[in-house]
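[1] Sharing a model prediction with you, sequence too.
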Amino acid sequence: MLCPLALVQKPLEGFFDKDDLQWVSRRLQVGTNMAEEVSDAYVPADRFHEFYHGECLRSQTMFYMAKKEATPAGSLKRPQDNSFLTQETYHCSYGPQDNRSSVPEALTHKQPSQGSRVSETARGESRKRGCLSQLAASRLYLYPDVMRLSIRHPDHTDAKGNPVHGCGVDAKGVKHLHGPALSQTMKDWVRTSLLNGSTTQQILKQHAKSAMPRIDSNTADRDCFLNSQDICNIAQKLAQLTWKLHDNEAQSVRLFYQQHSESVFMYQEERSAQPQPAATQPAAANSEPGVAQADDSAKPAGDCQVQQLQKFVMGWMTPFMKDNLLKHGNNNIILLDATFGTNHMKMPLYTGLVID
């Protein structure tokens, strides 16, 4: 066996993947009568993260750490070339479990118990397709600066040898969320149902009646696996049509205020703070010679006039809200709730509540 130092490869700077390395195959015993092919390559230990990200981009997936082992330095009396200090085993996020054949609870007659947490598998949102691809990174005991990379099932196949994800996979045989996006016909149907006032549960229940026969007859496609997240995404885009009036957020809010000024009781746009130097007094024309005049540069910085920062404020109250405030809030308790970080700009949201 060659010394690992002679096998260390140094690919170009930046991310690199399996195709950029030369691999050596070997047989690994995984059971009593079973052996799998494993490919090994050696790279500098400080470049493993570049390989990790490059391999994720190549295979269009992410690898999660399934196991980590460590051997303390100096603990082995007779270390071998394949002895390691640390060894991390990563599994493809599309495996190794296979949940493609399971039908989501949303399309069955089962009703989850109240207050129970529903897993992604039960909702039909699991991405597990039985991918057996594994990646092991071993930092060698005798050569701490060398990392041995070991790959099993590099083509991301399942137990039958079929590829389960990536660009070369035909989406026809892929279940549920692993297929293409919803068709335009299904999106239009959901949008119409939302405009008619249907709730998410009502839409899912009505959709299940037409989807179950197709699932039972093995003619299902992506439209048969509509879930609550799909409906939420369509509802969010539908809601944007009512308030997003311009691509620029500040201009969009300004236009919204102009169109609904009757329901806005306070509106203040944000202003940036601009420091302004204070006005200086002109020197006296009849100053006596030999008398030193005051130097304006010696004044403290506090003499500069600083414009106050004006924050964005918008108060919203519809006629219905105003009537309830006068009806239930007069001579009664008014509750004020303050919530921070409800949007990406981290603006506080204040909500007034009255008890009816």
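    Done, it's in.

[2] In this structure Gly95 contacts Ala159, no?
    No - Gly95 is beyond contact range of Ala159, at 9.7 Å (criterion: C-beta atoms under 8 Å). In short, each C-beta sits where N, CA and C put it, glycine included.

[3] ok, these two, which is more surrounded?
    Gly95 (23 against 12; other C-beta atoms under 10 Å).

[4] Pretty sure that one sits in a strand.
    No - the assignment for Gly95, made by DSSP: H, G, I helix; E, B strand; the rest coil, is coil rather than a strand.

[5] what secondary structure does the closest residue to it other than its chain neighbours sit in?
    Distance criterion C-beta to C-beta, 6 or more residues apart in numbering; nearest residue to Gly95, sequence neighbours excluded, is Cys131 at 3.3 Å. Three-state call for Cys131 (three-state DSSP): coil.

[6] shared neighbours of Gly95 and Ala159, anything?
    Counting by C-beta atoms under 8 Å, 6 or more residues apart in numbering, the residues touching both Gly95 and Ala159 are Gly130, Leu132.

[7] before we move on, the earlier item: surely the residue nearest to Gly95 meets Asp155?
    No - using C-beta under 8 Å, Cys131 is not in contact with Asp155; the gap is 9.8 Å.

[8] now the stretch 201-350 of the chain, which segments are flagged as low pLDDT?
    272-308 (pLDDT under 70).

[9] residue ranges for the helices of it, please.
    All helices of the stretch 201-350 of the chain, identified by DSSP state H, counting those that start in this stretch, fall at 228-243, 249-259, 319-328.

[10] mind listing what the residue nearest to Gly95 touches?
    Cys131 neighbours (C-beta under 8 Å, 6+ apart): Thr61, Cys92, Tyr94, Gly95, Pro96, His153, His156, Thr157, Asp158, Val164, His165.

[11] And it, how far from Phe48?
    Cys131 sits 21 Å away from Phe48, going by C-beta to C-beta, to the nearest Å.

[12] got it, and Asp17?
    Taken as C-beta to C-beta, the span from Asp17 to Phe48 is 12 Å.

[13] Looking at the contacts of Cys131, which one is closest to Phe312?
    Thr61 (41.9 Å; C-beta to C-beta).

[14] how many neighbours does that closest one have?
    20.

[15] secondary structure class for it?
    coil.

[16] what sits against it?
    Per C-beta under 8 Å, 6+ apart, neighbours of Thr61: Cys92, Ser93, Tyr94, Cys131, Ser133, His156, His165, Gly166.

[17] any idea of the pLDDT on the nearest residue to Tyr94 once chain neighbours are set aside?
    Once flanking residues are discounted, Tyr94 sits nearest to Cys131: 3.9 Å by C-beta to C-beta, 6+ apart. Cys131 is assigned a predicted lDDT (pLDDT) of 89.
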